[in-house]
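Asks: A structural model of the following input is requested.
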Amino acid sequence: QVQLVESGGGLVQAGDSLRLSCAASGRTFSTYAMGWFRQAPGKEREFVAAIRWSTSSTFYSDSVKGRFTISSDGAKNLVYLQMNSLKPEDTAVYYCAASKWAPNYENDLKWYDFWGQGTQVTVSS
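Replies: Numbering: from 1, shown residues only. Next up is the predicted model:
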């Protein structure tokens, strides 16, 4: 099992920045990639960004590309999501997730095996 705990959410204004953190514990050596997803009220959970542990290859949704950056610290089992130029439409609960195996499917939540509890991000206009 892998446990994931997110932190760093909050209330900000449009144009501000936030950095989310995800602390992984447990059998983290069994994971292949880490991802961030978000879910706004009344909407389905959607992919935001992902990173492969082994190569640090990154993947982004079109809606956040150029504004968000995912990174990892393998030694500390931490994954970050730096969010810049935030917009009201970025408001959502952000979830950290871990996948045991998702080659070329890093943007598909069905390939993720472990999930955190989520952290709220609210962007006011």
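Asks: neighbours of the residue nearest to Ser54 when sequence neighbours are not counted, just the number please.
Replies: Excluding the flanking residues, the one nearest Ser54 by C-beta to C-beta, 6 or more residues apart in numbering is Tyr32, at 7.6 Å. Every residue, glycine included, has its C-beta placed from N, CA and C. Neighbourhood size, Tyr32 [other C-beta atoms under 10 Å]: 16.
Asks: is it true that Tyr32 touches Lys100?
Replies: Yes. At 5.8 Å, Tyr32 and Lys100 qualify as touching, with contact defined as C-beta atoms under 8 Å.
Asks: before we move on, the earlier item: would you mind measuring from the residue nearest to Ser54 to Ala98?
Replies: 8 Å (C-beta to C-beta, to the nearest Å).
Asks: same question, Phe68
Replies: 19 Å.
Asks: do Ile70 as well
Replies: Relative to Ala98, and taking C-beta to C-beta, Ile70 is found at 13 Å.
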